[in-house]
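A.B. asks: Sharing a model prediction with you, sequence too.
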Amino acid sequence: MFKITDLIDLQTLSESVELEFKQAQGQDGQGKLPQDFWPTYCAMANTRGGYVVLGVKEKQGQFIPVGINNPEKIKNELFNNLNNQNLVNVNLLTDEDVQTTYLNEKLILVIHVPTAARHQKPVYLKNNPLENTYIRLHEGDRHCSHEQVKRMLAEQVEDSRDDKIFIGFDLNDIEQESLNAYKQLLAIAKPQHPWLELNNIDLMAKIGGWRKDRQTGVEGMTLAGILMFGTWQAIQDAVPNYFVDYQERPEAKTELRWIDRLCPDGTWSGNIFDFYRRTYRKLTNDLKIPFKLKDGVRQDDTLIHVALREALVNTLVHADFTGRASILIVKRPDMFGFRNPGLMRIPPEIAIKGGETDCRNRRMHQMFLNIGAGERAGSGIPKIYSGWESANWRAPKLYEKTDHTEQTLLELSTASLIPESVSEQLRILFGASFNTLDDFERMIVTTAAIEGWINHQRACQLTTKHSRDVTLALPRLESRGFLVSSGERKDKSYSLPGMEQPPSPEDVFSNALSPATGLTHNEGSLTHNEGSLTHNEEKFVYKAEEHRDPEGRYISALLDRPFIDQLETLTPSFKEQLSTFAKLANEKKRLTNDEMRDVIIKLCNDHFIAISVLSELTHRTSQNIRQSHLKPMVEKGELQLAFPNKPNSPKQGYTVK
């Protein structure tokens, strides 16, 4: 069970997205379960679980225990409501999930919200899943879209999403060459296999491409059979959102320029099996991995080959083909990237440990297993990690995204775990003290050195440790002098001492002193006693106009472009120019993505512009414009962030890259 031992622990743990504090005092001060507990309960249950701490209030970023006078009253209210189907559809808690503890002699209540199983999702309120289902994001609890809820409901009832029989499809919808090629690989993997003598319809039935429903008597092609071996027209008729894409890019950049591309273009089938065969060859054809000898025989199938094959198969068999994102495989000089639509059925940290599996498309997975591709029993992800470790490359990065569309991403960097230049830097900075760190702490510090900064989310991707252990490790390293922090709470990031990192909103927008004083420090860093100052107060008044250009845009030495933080400071002519750029968005409630992109490009050209200003100019909500347009444009390399290490900051700004 989760433990908070002191105020330092409390303040440190407040950075975690899996933790929420609520005062819970009630009108009489005796304690009451707050109404906003329930959206948090649903959101944590539908995401990755978490803890709600009652009896703690927040004041100016500090957390103060106020205590609960009558915890039994709250516990009774909690379980009564959990078992009220008119309020919430699922009770996930037991008595062990609700614990009391003392903090500064104040009694607080800690409620553990477990992650709901796939068969229990969605967890929702008031008998209305479409309108009252929530998920947990960096910013807090957020309503699910109808599309997200429908996917949860489909995941709930379908153990294997590719098991569905499609009426009206038959062997005429199969690419014969694809099935013959599969048969050849089966013969290579298992030369004596009895299925090799079967005709096509019997073979399809054995491998799961054709199925009969014993209850209804209906039989026909399964989604697995259509996806794996189907013609392009058949696949489009079955799953209209389907698209597979391989891109080889010449540089270590996110821009969409490519030198080789494989996607359905009419020159090949476009099905999963042919995409797998062609893509795997492209991924491995120039691997600079030395061969090994085993019993005098060259072993071409190295651990790196195994890792790449498993990553590719995983991407294909775990994809949610009803999602709007495409399957995307990227090969760059510095990395391999894999993206599939849909979130993981098992939390990433559990998948990394291995041993548990819940494949979304089990029949397709079995088809790959038949020919020696893919791994059983949840061992695939650990094999990817061990393969990368064998080459002394940096730890893979496995994570999910729920912005715009739900997707799972795996990034396999081919950069050395600790380049010699970084090793030298760490030796100069820390000397022998660096050797006192354990393996995980060394990994954190090394990642901060290589990538420039690290935050809680990135550190979690480096380990199978619990999120709380990661949360405590970062400030511990800071207190020992290995890291320095910037930002607050969930927006906090860390870098090496003396290493320049991207500016934070606090750095840029702090009330800098007037240039007349000659001081350039952040006022928040002053350690003097305010009452001891004897200076002339007027001399140190903040003068905003001295930090703005002739158009009224904010100027900071920490940014390479002006920043439009508010419309009120702009000159009338410049404000009118921006309004003209946004005219189409004001005239039409619905724009195509391309139309909205053109508006945003014009507004963000030559300066950073705050999301609040973009919202005001386009008459769109901040959430809508960020999720639907800004974040996808950043991912495509069309826009860049003012504060890249604070991607979720409400003060974020955007500019044309």
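C.D. replies: All right, it came through fine. Residues are numbered from 1 along each chain as shown.

A.B. asks: Please, where are all the helices along the stretch 351-500 of the chain?
C.D. replies: Counting by DSSP state H, counting those that start in this stretch, one finds helices in the stretch 351-500 of the chain at the ranges 362-370, 380-390, 420-430, 439-451, 456-460, 467-479.

A.B. asks: now those as TSV including mean pLDDT and distance to Gln62?
C.D. replies: Placement of C-beta: from N, CA and C, glycine included. TSV is the format used below for the helices of the stretch 351-500 of the chain (pLDDT from 0 to 100; distance: least, CB to CB, whole Å):
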stretch	mean pLDDT	distance to Gln62
helix 362-370	94	50
helix 380-390	86	39
helix 420-430	82	31
helix 439-451	85	26
helix 456-460	81	19
helix 467-479	85	15
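
A.B. asks: Any stretches of the stretch 251-400 of the chain with poor pLDDT?
C.D. replies: For the stretch 251-400 of the chain, the stretches with pLDDT under 70 are 254-256, 288-300, 377-378.

A.B. asks: For it, just list every one of the strands.
C.D. replies: With DSSP state E, counting those that start in this stretch as the criterion, the stretch 251-400 of the chain has strands at 260-262, 292-294, 297-299, 327-332, 335-341, 397-401.

A.B. asks: What would stretch 181-189 look like as CSV? C-alpha coordinates only.
C.D. replies: What follows is the C-alpha trace of stretch 181-189 in CSV, where atoms were taken according to Å, rounded to 0.1, in the frame of the first residue of the first chain:
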residue,chain,number,x,y,z
ALA,A,181,4.4,-17.3,-49.8
TYR,A,182,3.0,-18.0,-46.3
LYS,A,183,2.9,-21.7,-47.1
GLN,A,184,6.6,-21.6,-48.2
LEU,A,185,7.7,-20.0,-44.9
LEU,A,186,5.6,-22.5,-43.0
ALA,A,187,7.5,-25.3,-44.9
ILE,A,188,10.8,-23.7,-44.0
ALA,A,189,9.9,-23.4,-40.4
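
A.B. asks: residues making contact with it?
C.D. replies: Outside of stretch 181-189, the residues within contact range by CB atoms under 8 Å, 6 or more residues apart in numbering are 193, 195-196, 203, 228-229, 273-274, 277, 367, 370-372.

A.B. asks: Return the distance of it from the chain's centre.
C.D. replies: For stretch 181-189, the distance between its averaged C-alpha position and the chain's averaged C-alpha position is 37 Å (CA atoms, centre = their mean, to the nearest Å).

A.B. asks: buried residues in it?
C.D. replies: If you call a residue buried by 16 or more other CB atoms under 10 Å, then stretch 181-189 has these buried ones: 181-183, 185-186.

A.B. asks: Leu308: which of these is nearest?
C.D. replies: The closest of these to Leu308 turns out to be Leu185 (CB to CB; 17.1 Å).

A.B. asks: Quick one: classify the closest one as helix, strand or coil.
C.D. replies: When the structure is reduced to helix, strand and coil (DSSP: H, G, I helix; E, B strand; the rest coil), Leu185 reads as helix.

A.B. asks: Look up how far Gly452 lies from it.
C.D. replies: From Leu185 across to Gly452, the span is 44 Å (CB to CB, to the nearest Å).

A.B. asks: returning to what we had before: most packed of the helices of the stretch 351-500 of the chain?
C.D. replies: Of all the helices of the stretch 351-500 of the chain, helix 362-370 has the most neighbours on average by mean count of other CB atoms under 10 Å, namely a mean of 22.

A.B. asks: So what angle separates the directions of that one and helix 380-390?
C.D. replies: 50 degrees (axes from the mean of the first three to the mean of the last three CA atoms, to 10 degrees).

A.B. asks: ok, and what's touching helix 362-370?
C.D. replies: Counting by CB under 8 Å, 6+ apart, helix 362-370 makes contact with 159-160, 162-163, 182, 186, 189-190, 207-209, 222, 224-225, 227-228, 272-273, 276, 313, 316-317, 359, 374, 376, all of which sit outside it.

A.B. asks: Keep only those of the residues you listed that are in helices.
C.D. replies: Taking DSSP state H as the definition of helices, those contribute 182, 186, 189, 207, 224-225, 227-228, 272-273, 276, 313, 316-317.

A.B. asks: Now distance to Arg136 too, for those, in JSON lines please.
C.D. replies: As requested, these are arranged in JSON lines below (distance: CB to CB, whole Å):
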{"residue": "Tyr182", "distance to Arg136": "41"}
{"residue": "Leu186", "distance to Arg136": "44"}
{"residue": "Ala189", "distance to Arg136": "43"}
{"residue": "Ile207", "distance to Arg136": "39"}
{"residue": "Ala224", "distance to Arg136": "32"}
{"residue": "Gly225", "distance to Arg136": "37"}
{"residue": "Leu227", "distance to Arg136": "32"}
{"residue": "Met228", "distance to Arg136": "35"}
{"residue": "Ile272", "distance to Arg136": "32"}
{"residue": "Phe273", "distance to Arg136": "37"}
{"residue": "Tyr276", "distance to Arg136": "34"}
{"residue": "Val313", "distance to Arg136": "30"}
{"residue": "Leu316", "distance to Arg136": "28"}
{"residue": "Val317", "distance to Arg136": "27"}
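
A.B. asks: Contact partners for the closest residue to Ile259 other than its chain neighbours?
C.D. replies: Spatial nearest neighbour of Ile259, excluding adjacent residues (CB to CB, 6 or more residues apart in numbering): Pro250 at 5.0 Å. Listed by CB under 8 Å, 6+ apart, the contact set of Pro250 reads 257-259, 333.

A.B. asks: still on that earlier bit, quick check: which of the helices of the stretch 351-500 of the chain is nearest to Leu412?
C.D. replies: Relative to Leu412, the nearest member of the helices of the stretch 351-500 of the chain by CB to CB is helix 380-390, separated by 6.2 Å.

A.B. asks: Contacts for that closest one, please.
C.D. replies: For helix 380-390, the surrounding residues in contact (CB under 8 Å, 6+ apart) are 302-304, 306-308, 310-311, 313-314, 351-354, 374-375, 394-396, 398, 410, 412.

A.B. asks: Buried ones only from the residues you listed, please, as a PyMOL command.
C.D. replies: Buried residues within the contacts of helix 380-390, as defined by 16+ other CB under 10 Å, are selected in PyMOL through the command that follows:
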select buried, resi 302+303+304+306+307+308+310+311+313+314+351+352+354+374+375+394+395+396+398+410+412
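
A.B. asks: follow-up on the earlier one: can you redo the buried residues of stretch 181-189 as JSON lines with pLDDT and distance to Pro503?
C.D. replies: Written out in JSON lines, the entries for the buried residues of stretch 181-189 read as follows (pLDDT from 0 to 100; distance: CB to CB, whole Å):
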{"residue": "Ala181", "pLDDT": "94", "distance to Pro503": "54"}
{"residue": "Tyr182", "pLDDT": "95", "distance to Pro503": "54"}
{"residue": "Lys183", "pLDDT": "94", "distance to Pro503": "59"}
{"residue": "Leu185", "pLDDT": "93", "distance to Pro503": "53"}
{"residue": "Leu186", "pLDDT": "94", "distance to Pro503": "57"}
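
A.B. asks: sorry, back to before: possible to save the contacts of stretch 181-189 as a markdown table with distance to His112?
C.D. replies: Formatted as a markdown table, the entries for the contacts of stretch 181-189 read as follows, by distance: CB to CB, whole Å:
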| residue | distance to His112 |
| --- | --- |
| His193 | 49 |
| Trp195 | 49 |
| Leu196 | 53 |
| Leu203 | 50 |
| Met228 | 42 |
| Phe229 | 46 |
| Phe273 | 44 |
| Asp274 | 47 |
| Arg277 | 47 |
| Met367 | 40 |
| Asn370 | 42 |
| Ile371 | 44 |
| Gly372 | 43 |
